[in-house]
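In: quick one, structure for this:
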Amino acid sequence: MPVAIAGMHRAGTSLIAQMLAMCGLDLGPAEQHLPPQADNPEGFFEHRAFVDLNERLLAKLGGIWREPPQTSPGWENDPALDELLAEAQSLPAQYGLSEPWGWKDPRNSLTMPLWRRAWPDLHVVVCVRHPLETAYSLLERDHLPIDVGLSLWTKYFRQVVSDVPAECRTVVHYGAFFERPEDEIRRLLGRLGLEVGQEQLAAACGCVSKKMRHSRLGDAALRVLGADAELIDLYTTLCVEAGFDSTIDSESLSGEAALQDAIARLQRSLDVCVRKSWRLLDQEREVLAREAKLDQMEAMIAGQRAYIDEREQYIGDLQRHLAVLGTRVADLEERLSARRHRYADAVANAAQRVIKPFRR
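Out: Modelled structure (predicted):
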């Protein structure tokens, strides 16, 4: 049974993928994965080929990860997608993945119908994280406004819940792995039919670092900030399916405290964005200065080209004048040659007349 790890960007999919890989799920060798980055130093655990196919599929559907496409039911049956379907079915054998195998990509949430058509027995692990925590992280990494991040969160999870039946999915909450990592990974492994020893389990739980999670937000923060009712209902439903209590905030935050915590987080994120904006402004000034210098160089080059064109025209005039002179010289040489012949004939005739009397 293949396993697809889905969810939303910045929602904990990398952590879940790392833990499952340590418990025996074949995600392919590390050299086939996207490289770690500053925002995800442990790695993304995303196979390049699967991500590339998802990106091309989204492009065919008219979207990208931050602008999900508008699709109609049954879009996966479009004959125009048959080539991508065949490619999807060939990936495991092409890259030597062995049972149990899977792949991780948050874009799976938007493209699951095609993957489920490729493998009808596909099981989907849906990784959920508090919408505000996800939106804060997207703001810091991608400079997406909070409302855009929350809207994307809703679109991703609405889509994957709609496209994958409950019996074909397991919903896990990012926060649960910090509160009860062993119990949560056991629950997930049980749903996937994976058996591991205690050492593997302990190693997987060791992936969880308290530094990765700074506080626990619940429904109160969403309600205080006036989040969309659909988002709150969807998050509550997913938390119930994951067995995670969404009503508890860290340190028993009250509504006012939740708001203050959210504002503080937002302020930190905005501070980061402001610093990045100043850096971008500095870079923009540098670019403008270089563009001005480039304009000066282009003007200089244009002047040189004009001078060269003028010289080339002058040379062309000289060449034409030389050609005329050459023609004249050739004509004069021809005339001179003719005169020389006449002169030679005249001299020869005169000599004959002088010599002729003496021959008698």
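In: in the protein, where is pLDDT below threshold?
Out: 210-216, 219, 248-276, 359-360 (pLDDT under 70).
In: quick check, central residue of it?
Out: residue 55 (8.3 Å; Cα atoms, centre = their mean).
In: contact partners for that one?
Out: Shown in contact with residue 55 (Cβ atoms under 8 Å, 6 or more residues apart in numbering): 64-65, 107. All C-beta atoms are positioned from the backbone trio N, CA, C, and that covers glycine.
In: and the gap between residue 292 and residue 286?
Out: Distance of residue 292 to residue 286, computed by Cβ to Cβ, to the nearest Å: 11 Å.
In: hmm, back to that, out of the contacts of residue 55, who's the most crowded?
Out: residue 107 (22 neighbours; other Cβ atoms under 10 Å).
In: gap between the nearest residue to that residue once chain neighbours are set aside and residue 150?
Out: Nearest residue to residue 107, sequence neighbours excluded (Cβ to Cβ, 6 or more residues apart in numbering): residue 54, at 4.1 Å. Shown here: residue 54 relative to residue 150, a distance of 23 Å by Cβ to Cβ.
In: so which of those two has more stuff around it?
Out: Legend: neighbour count by other Cβ under 10 Å for residue 54 and residue 150, higher for residue 54 (24 against 21).
In: and the gap between that one and residue 146?
Out: 26 Å.
In: chain center to the helix ranked longest in the chain, what's the gap?
Out: Under DSSP state H, the helix in the chain containing the largest number of residues is helix 255-359. Mean-position distance between helix 255-359 and its chain equals 42 Å (Cα atoms, centre = their mean, to the nearest Å).
In: and it, what does it pack against?
Out: Judged by 3 or more Cβ pairs under 8 Å, 6 or more residues apart in numbering; DSSP states H and E, helix 255-359 is in contact with helix 131-142, helix 219-224.
In: who does whichever helix or strand comes after the first one touch, helix- and strand-wise?
Out: If I follow you right, that is helix 131-142. Per DSSP states H and E, the first helix or strand lying C-terminal to helix 131-142 is helix 146-163. Using 3+ Cβ pairs under 8 Å, 6+ apart, the elements in contact with helix 146-163 are strand 3-7, helix 108-118, strand 123-128, helix 131-142, helix 229-242.
In: how does it look with 7 Å?
Out: helix 108-118, helix 131-142, helix 229-242 (3 or more Cβ pairs under 7 Å, 6 or more residues apart in numbering; DSSP states H and E).
In: and of those, who's closest to residue 3?
Out: helix 108-118 (10.5 Å; Cβ to Cβ).
In: relative to strand 123-128, how tilted is that closest one?
Out: Interaxial angle, helix 108-118 versus strand 123-128 (axes from the mean of the first three to the mean of the last three Cα atoms, to 10 degrees): 170 degrees.
In: test my guess that the residue nearest to residue 107 contacts residue 111.
Out: Yes - assessed by Cβ atoms under 7 Å, residue 54 is found in contact with residue 111 at 5.4 Å.
In: hang on, the earlier thing: let me have the helices and strands packed on helix 146-163 in a markdown table, extended by distance to residue 88 and mean neighbour count.
Out: Shown next, in a markdown table, are the helices and strands packed on helix 146-163 (distance: least, Cβ to Cβ, whole Å; neighbours: other Cβ atoms under 10 Å):
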| stretch | distance to residue 88 | mean neighbour count |
| --- | --- | --- |
| helix 108-118 | 4 | 23 |
| helix 131-142 | 27 | 22 |
| helix 229-242 | 26 | 16 |
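In: returning to what we had before: is the residue nearest to the centre of the chain located within a helix, as I assumed?
Out: Yes - counting by DSSP: H, G, I helix; E, B strand; the rest coil, residue 55 is part of a helix.
In: any idea how far residue 34 is from it?
Out: From residue 55 over to residue 34 (counting by Cβ to Cβ), the distance is 12 Å.
In: ok, now residue 43?
Out: Distance from residue 43 to residue 34, by Cβ to Cβ: 8 Å.
In: same thing with residue 288?
Out: 34 Å.
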